[in-house]
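> I'd like to go over a predicted model; first the sequence, then the structure.
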4 protein chains.
Amino acid sequence: MSIQNFQLILYRFISTGRLTKVSIVFNRFIIILIMLNIFAFALETEPSLSQFLPFLAVFEYASLVIFTIEYFLRLFVCRQDPVFKGRFGYIRYFFSFHALIDLLALLPFYIPFIMHLDFRALRVFRLLRLLQLFKLEKYMMASSRLSKSFSNRKEELFITAFLSMMILLILSIVMYYVEGSVQPEKFSSVSASLWWAISTLTTIGYGDIYPMTGLGRFISGIVAMMGIGLIMLPTSIFGASLVEHISHKDTPKDS
Amino acid sequence: MSIQNFQLILYRFISTGRLTKVSIVFNRFIIILIMLNIFAFALETEPSLSQFLPFLAVFEYASLVIFTIEYFLRLFVCRQDPVFKGRFGYIRYFFSFHALIDLLALLPFYIPFIMHLDFRALRVFRLLRLLQLFKLEKYMMASSRLSKSFSNRKEELFITAFLSMMILLILSIVMYYVEGSVQPEKFSSVSASLWWAISTLTTIGYGDIYPMTGLGRFISGIVAMMGIGLIMLPTSIFGASLVEHISHKDTPKDS
Amino acid sequence: MSIQNFQLILYRFISTGRLTKVSIVFNRFIIILIMLNIFAFALETEPSLSQFLPFLAVFEYASLVIFTIEYFLRLFVCRQDPVFKGRFGYIRYFFSFHALIDLLALLPFYIPFIMHLDFRALRVFRLLRLLQLFKLEKYMMASSRLSKSFSNRKEELFITAFLSMMILLILSIVMYYVEGSVQPEKFSSVSASLWWAISTLTTIGYGDIYPMTGLGRFISGIVAMMGIGLIMLPTSIFGASLVEHISHKDTPKDS
Amino acid sequence: MSIQNFQLILYRFISTGRLTKVSIVFNRFIIILIMLNIFAFALETEPSLSQFLPFLAVFEYASLVIFTIEYFLRLFVCRQDPVFKGRFGYIRYFFSFHALIDLLALLPFYIPFIMHLDFRALRVFRLLRLLQLFKLEKYMMASSRLSKSFSNRKEELFITAFLSMMILLILSIVMYYVEGSVQPEKFSSVSASLWWAISTLTTIGYGDIYPMTGLGRFISGIVAMMGIGLIMLPTSIFGASLVEHISHKDTPKDS
């Protein structure tokens, strides 16, 4: 069996294109392993679970080995993929978005072995591991009805979002002048005022910043009503698009 | 009249299958009694109503007698039900989900008579009584249009929920590093950060935990916007499914 | 001109059935006067507007005179209404829901003249004036498309509401045991726990009561998700009903 | 080349009617400049960015020159617009809504040069600059499907909004009496009570004002449920209108 043949068989086994039953099982295993790593990452920070830290570390190192093998396997077989068939296939795959994310998710583990970094910097690198989820989304969102309905109404959803942003900014500026004179330590700048606007528009209302003047409360009411609109408009647009989508699928195309 | 006949008549009177007018009335009475017991349970905890405690106790014991009789009656006639007709009918009914819930809801009353348990443990057992509501739901949700529309779009609703969960977890990890350095006592672990994420995503915003850094507030805004999406997506999916359901019912099947 | 004729002409001028242009103008005037009275009622409580109190009092007494005249006019002409034509017409009108509300809204002004009541009791009676708005709603909601769509789906909306209530009550009981041991002064009874549940379900989150245990926060998340469902379900049901309504109106009935 | 011809060519280059490619580019440039000015305005208030103030000032003065030139250019060519062709064309354009906003947005920069005003007054004038966004909206909202669907259901949306307002006011009055006796410093007047009502209806719940009595909490729950309705009703109405709009566009008009 030549290397070419071996690459082809392996490609069929690990490709994300769902070619064979083996590839589906393999990719599901990788996805579950990514998710378990994220959970392990979260559990490590629990003070009450500190006695399990050694077990989590073992699990992380085992996963690291698997992800490293996976990375080199994918690099090894990449030329079987039609996209990377031609010249410089390995180099083009290496610099592809997918492969770079895989590499970035692996690097934070290996860098400490090579360079001498302090703990603080390491923390930042570790967050890169979360990029692994982009792969996850790629697997799941593929060709769903939802994403089609979304791209159908992309323009309207974008205009709604953009206008909301601009009106929000303007109301923040107004609020900065209205409330700033009464609560200068809270509404200290337009960005602080914008934080109030976001917290009000989304109807969170943490309670760390709120208006005290009559005019400020009136504007607050308007922003909150806009927040209702922020729920209403995309729901209506998106829902109507889904209804259209469903009814088009039902009726024959020539009618 | 043989026992067989007596069982059949009784089965027709108490079956939840709505066979006769008597069975409908009987089951409605049981449902109302279950609900009244839950209300009584809630009223017992009111300090201002402590003088009514004896009356509530009398009501509870009376209900207990009725529920006990009901339990044994259902056990007595269960073999008239086609499902439990064959061999080991009584045993299979005894271990059916429905019968086990009924038993679990009764046990907490009788256990103190048999064993000697302290007050604390009793409390926990009492909560089992709430399982009675599962029966209630069974009665009401049966074959409604809503549940059909829901199961139609189960997959899409599940993917939406699952992806939201994963993104939420990742944002919690990010937030743990971003806010943890400024408010280490609030964002003390990823689970504490997750509590912030849930409180923000659902736009509750209790105000016990909120971001203070610029980046943290920016992430907060993103999570809150996702919360808007969390309302938007299922509403659209479910609403569109209902519209489809209604229009299908209206048009003849051959068109 | 006989009294009979005079009653008929007057009935045409003040009837709420929109018989003539005069009656439409007259009833609009009454509606606006009711609303202005509610505004005046609100303004009276403003400490910063206390110097306008005499003017507001004059306006209230003037309105009182008009409402009193209106009440007796309607009583005078009521027998022209087909509903109150037969025997005991005046008495049946006097005890009709509409006339009783009118009377209840007037009484609080006259009672202090007749009886000697202290200020506290008067306050309570004044609130009855707000019942005038029921008339307002009657005028506006009549035969709208919205109310039809609502009554179409009344059953589903009711079941959704009822089940939510029951699950809310049960979660409040659970929360009372879970959080009550950590925060006994906050979750002091099931009713206090229910206040938390309402504040969480509707995603208000005032911040006066919130969970502190891990399990309590988990339940909080579930309740908040149910709150999302509380927005989702009726929006979907009602929206789908409106779509159905519109499409039925468009298509001919024989198709 | 006569002035007439020069005016026509210039009109084609700067008209907001999207006549030529040059006019589209020119108007996009103006829109982006307006938005950048609003951002600059917001950045000026940031204490941490005070070292960039000179740069922002330079940018503002440069924009001012451009906006001034734009204003006089539009005034110069206005008679080429069919609307302002006849007699008093310049005067009618000068007093048109569009031109007045442009002038009001420019004035705050020039007034300090002419008159001697203190800093406080200047602040208020600066806010007028935000009126520039009205132009922005005019550009973007023109003839969209959304605005049509909105005007289709304007009446229903208005009635929903108006009734909500009235019920809100009444509940505020009730709340003023219910909570005012327990928390007189919080629910000090109906307007303070109305602030609570808005904060509850929109489910913000800042936590600065909340009910403490049982009845007050019950009313709070009702208001919050109304808030759910406030999201539900317009979403349903608007969504149904969009669905109708889309399906009408699809089917031929004679069917």
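Alright, I've got the coordinates.

> And the helices in the stretch 151-255 of chain A?
A:154-180, A:190-201, A:214-250 (DSSP state H, counting those that start in this stretch).

> okay if I get the ones you listed as TSV plus distance to chain C, mean pLDDT and mean neighbour count?
All C-beta atoms are positioned from the backbone trio N, CA, C, and that covers glycine. Below are these laid out as TSV (distance: least, Cβ to the nearest Cβ, whole Å; pLDDT from 0 to 100; neighbours: other Cβ atoms under 10 Å in any protein chain shown):
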stretch	distance to chain C	mean pLDDT	mean neighbour count
helix A:154-180	18	80	18
helix A:190-201	12	90	24
helix A:214-250	7	81	21
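
> Just put these in a markdown table and tack on distance to chain D.
Below are the helices of the stretch 151-255 of chain A laid out as a markdown table (distance: least, Cβ to the nearest Cβ, whole Å):
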| stretch | distance to chain D |
| --- | --- |
| helix A:154-180 | 5 |
| helix A:190-201 | 4 |
| helix A:214-250 | 4 |
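
> for chain D, what are the nearby residues on the stretch 51-200 of chain A?
Residues of the stretch 51-200 of chain A lying close to chain D by Cβ under 8 Å from any Cβ of the partner chain are A:156, A:159-160, A:162-163, A:166-167, A:169-170, A:172-174, A:176-177, A:188-191, A:194, A:200.

> Chain B next: which of the residues you listed are close?
Among those, the residues lying close to chain B (Cβ under 8 Å from any Cβ) are A:Ser191.

> got any ranges where chain A has weak pLDDT?
A:1, A:17-19, A:111-147, A:150, A:248-255 (pLDDT under 70).

> And the residue of it that's closest to chain C?
Here chain A gets closest to chain C at one residue, A:Gly207, 5.0 Å apart by Cβ to the nearest Cβ.

> if we can go back for a sec, which one of the helices of the stretch 151-255 of chain A lies closest to D:Leu103?
helix A:154-180 (19.1 Å; Cβ to Cβ).

> Counting by contacts, list what that closest one packs against.
Helices and strands touching helix A:154-180, by 3 or more Cβ pairs under 8 Å, 6 or more residues apart in numbering or on different chains; DSSP states H and E, are helix A:190-201, helix A:214-250, helix D:21-44, helix D:132-141, helix D:145-152.

> And for stretch A:172-181, what's in contact with it?
Residues outside stretch A:172-181 that contact it (Cβ atoms under 8 Å, 6 or more residues apart in numbering or on different chains) are A:186-190, A:192-194, A:196-197, A:211-213, A:215-216, A:219, D:38, D:41-42, D:45, D:123-124, D:127, D:130.

> Sorry, wrong one. I was asking about stretch A:233-246.
In contact with stretch A:233-246 (Cβ under 8 Å, 6+ apart) are residues A:145, A:148-150, A:152-153, A:156-157, A:160, B:228-229, B:231-233, B:235-237, B:239-240, B:243-244, C:235, C:239, C:243, D:146, D:149, D:235, D:238-239, D:241-243, D:245-247, D:250.

> ends of stretch A:174-191, how far apart?
Stretch A:174-191 has an end-to-end distance of 12 Å (criterion: Cα to Cα, to the nearest Å).

> for that stretch, the distance to its chain's centre please.
For stretch A:174-191, the separation from the chain centroid amounts to 34 Å (computed by Cα atoms, centre = their mean, to the nearest Å).

> What is the burial count for the residue lying closest to A:Val22 once chain neighbours are set aside?
In space, and not counting its chain neighbours, A:Val22 is closest to A:Phe13: 4.6 Å by Cβ to Cβ, 6 or more residues apart in numbering or on different chains. Look at A:Phe13: counted by other Cβ atoms under 10 Å in any protein chain shown, it has 16 neighbours.
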